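# Here is a sequence together with a model predicted from it:
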Amino acid sequence: MLNFDEHRFLKIQGGAVALRERLDRVISDCLAAGAENIYFLGTGGAAILMQPAAQLLQRRSRFPAFIDMPAELILTGSASLTAKSIIVMPSLSGTTKESVALLARIKEIGATVITLVGHADTPLGQGGDHVFVNFAEDDTSCESFYLQSLFIALSIMRHRSEISNYAEITAELDHLPALLLDVKRTYEPKAEEFARKLAASDYHIITGAGNVWPEAFYYGMCILEEMQWIRTRPVHASDFFHGTLELIDKDVSLILFKGEDSLRPLAERVENFAPAYTEKMTVLDTAEFELPGISSEVRALISPILLATVLERISAHLEVMRNHPLTTRRYYKRVAY
């Protein structure tokens, strides 16, 4: 595969899976101590990657789950954030300034802080009550963060008796790193073709629904915009019909992500509408990827992880095709802001 280290990938995703049992113990202890809610508080891409887990809890658990922006909470606080809150703070670098600033405030409140970081010797790596370290880099962090946050959500539901098949689900997830690698290998010939379509336009509308909508948002903002400087309009598949559809014409690129959860029909609505008005619709559908031994229930849970793993392959080709390395920045961490 182009510019890809298979051993490194397996080590990083296997590292995320290896954190599951300790995450489960920490969640069990928090609930036993009287935790009343959970906040997912990340910044930028790391925050977006927490959304599927938060959504899972909001839809299938009675345990209150919030997702918010540290930059806003520093200024406003939250009435529900108390000493009985569980706080999940993801940061690959462990140095995200908004999260570091909020950490001090949370410590004063007395909430329990779980940090998910890539480096231990950092403010967030040292500041959490429970620190989970799994080294990753930009091209491998999505799957890792998705998995860790999914384990947290499943653990909450397990210990509240809101799911009865936790053991079966996690047993399937244990096999995911190797299966994701197989997906990458199989998709590699198609990745260049998809990248070519991205490179052919200087503006894209990118959409999805359910637990893959965050991946659409993430890929538009953090990859195409930040790392490739391509103007992108991420929009939820439902909201597409409340404004953004007016931007569609035959020359406008529309990228559609389809997952396998119950909200797939919202993406299919866009898929049925758009071909009459644009010649540039491209669909990426997780149902096309083979995952031997993975049930339909788990496939629905991991749809954003599947998308992330093939989009990494697309991005690898895109940066070469455009002669624009994914690491190139003009402003991000380059100038004062």
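In hand now; what should we look at?
# that's a helix at residue 78, yeah?
No. Residue 78 is assigned coil when assessed by DSSP: H, G, I helix; E, B strand; the rest coil, not a helix.
# does it really touch residue 66, like I thought?
Yes. With contact defined as C-beta atoms under 8 Å, residue 78 and residue 66 form a contacting pair (7.3 Å). Bear in mind the C-beta positions are built from the backbone N, C-alpha and C, glycine included.
# and for these two, which residues touch both?
Common neighbours of residue 78 and residue 66, using C-beta atoms under 8 Å, 6 or more residues apart in numbering, are residue 39.
# so which strand or helix has residue 115?
strand 112-117 (DSSP states H and E).
# ok, back up a step: quick one, which of residue 78 and residue 66 is more surrounded?
Using other C-beta atoms under 10 Å, the more surrounded residue of residue 78 and residue 66 is residue 66, with 18 against 15.
# Three-state assignment for the more buried one, please.
strand.
# What sits closest to it if chain neighbours are left out?
residue 39 (4.7 Å; C-beta to C-beta, 6 or more residues apart in numbering).
# Same question for residue 83.
Using C-beta to C-beta, 6+ apart, the closest residue to residue 83 is residue 110 (3.6 Å).
# now do residue 153
residue 53 (4.1 Å).
# so what's the one you found up against?
40, 146, 149-150, 152-153.
# hmm, 7 Å instead?
40, 149-150, 152-153 (C-beta atoms under 7 Å, 6 or more residues apart in numbering).
# List the buried residues of the host helix or strand of it.
Taking DSSP H and E as the definition, residue 53 sits inside helix 51-60. Residues of helix 51-60 classed as buried by neighbour count (16 or more other C-beta atoms under 10 Å): 51-58.
# pLDDT added to those, as TSV?
TSV is the format used below for the buried residues of helix 51-60 (pLDDT from 0 to 100):
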residue	pLDDT
51	98
52	98
53	98
54	98
55	98
56	98
57	98
58	98
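# where does the residue nearest to residue 83 sit relative to residue 85, distance-wise?
Distance, residue 110 to residue 85, using C-beta to C-beta, to the nearest Å: 9 Å.
# before we move on, the earlier item: now for the contacts of residue 53, which pair is the farthest apart?
Largest separation among the contacts of residue 53 by C-beta to C-beta: 40 and 150, giving 11.7 Å.
# so the residue lying closest to residue 223 once chain neighbours are set aside is in which element?
Leaving out its chain neighbours, the residue that sits closest to residue 223 by C-beta to C-beta, 6+ apart is residue 315, at 5.7 Å. Assigned by DSSP H and E, residue 315 belongs to helix 303-321.
# for that helix, packing partners?
For helix 303-321, the packing partners by 3 or more C-beta pairs under 7 Å, 6 or more residues apart in numbering; DSSP states H and E come out as helix 141-159, helix 176-199, helix 213-218.
# Among residue 110 and residue 85, which residue is more densely surrounded?
Set side by side, residue 110 and residue 85 show more neighbours around residue 85, with 22 against 10, by other C-beta under 10 Å.
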